[in-house]
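>>> Here is my input; please provide its structure:
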Amino acid sequence: MSKNARLSLVIIAVVAVVVGVFLLFGRNDTTAAPQAQDGKVTVVEYLDLECPSCRAAFPSVERLKTEYGERVTFDVRHFPIPSHRNAELAAVAVEAAGAQGKRDDMFRMMFDAQQEWGGQQTSQRAVFVGFAQQLGLDQAAFEKALDDPALRERVLAQRTEGSKAGVTGTPTFFINGTKFTGAPSYDKLKAAIDEELS
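Numbering: from 1, shown residues only. Next comes the predicted model:
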């Protein structure tokens, strides 16, 4: 075999290895931004309950949920921003309410009252316990869940997952695994979802 032929084979082998490594390690983290496996559309939203932009997007997302029903799966994940003093505890409170079947109701309360508790530099735990009372939750179970390290770890794992998927701020949406860019208005989110449904 000539020198040129051997050199060509070495170059082809190196390129094949590089491409293989890229394909193996360059994949998107599908747990952070899942794609629907059943032909439906999946919308993943990473949010911070203390974020005013997340609060502003909330009514549009709720409207889209109602309009699309079972054709679109909406998956809300926590991405508490460290500079928001109460965002992490708010996320834990939502999950604690979820353990009693009231996750969506607690989300609504958090956003409805965000201007009262958001931006505070003191713990808003008493406010969140008050929300639980208003929802008729078992108080002892709710407060125990607020202190549960496993629940806190679940919230922080979602934030880590979001970071790996490229989330740098909130709200951030993924539609069928593709990061949505631009302002998350009702019209723009609807257009992106409709494109995936077509």
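>>> so which strand or helix has residue 163?
helix 149-165 (DSSP states H and E).
>>> What average pLDDT does that helix get?
Here helix 149-165 scores 97 as its mean pLDDT.
>>> Name the strands paired with the helix or strand following that helix and say parallel or antiparallel.
Scanning forward in sequence from helix 149-165 by DSSP H and E, the next helix or strand is strand 172-175. If you go by DSSP bridges, strand 172-175 pairs up with strand 41-47 (antiparallel), strand 178-179 (antiparallel).
>>> any chance of those strands in JSON lines, plus distance to residue 74 and mean pLDDT?
Heads up, the C-betas are built off the backbone N, CA and C, glycines and all. Shown next, in JSON lines, are the strands paired with strand 172-175 (distance: least, CB to CB, whole Å; pLDDT from 0 to 100):
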{"stretch": "strand 41-47", "distance to residue 74": "5", "mean pLDDT": "97"}
{"stretch": "strand 178-179", "distance to residue 74": "16", "mean pLDDT": "96"}
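>>> Out of those strands, which one sits most buried?
Highest mean neighbour count among the strands paired with strand 172-175 (mean count of other CB atoms under 10 Å): strand 41-47, with a mean of 23.
>>> And the contacts of it?
Strand 41-47 is contacted from outside by 32-36, 54, 57, 61, 64, 68, 71-79, 158, 162, 165, 167, 170-177, 189, 193, 196-197, using CB atoms under 8 Å, 6 or more residues apart in numbering.
>>> and it, how far out from the chain's middle?
6 Å (CA atoms, centre = their mean, to the nearest Å).
>>> could you pull out the helices for this structure?
For the chain, the helices defined by DSSP state H cover 3-25, 52-68, 87-98, 103-112, 114-117, 125-134, 139-146, 149-165, 186-197.
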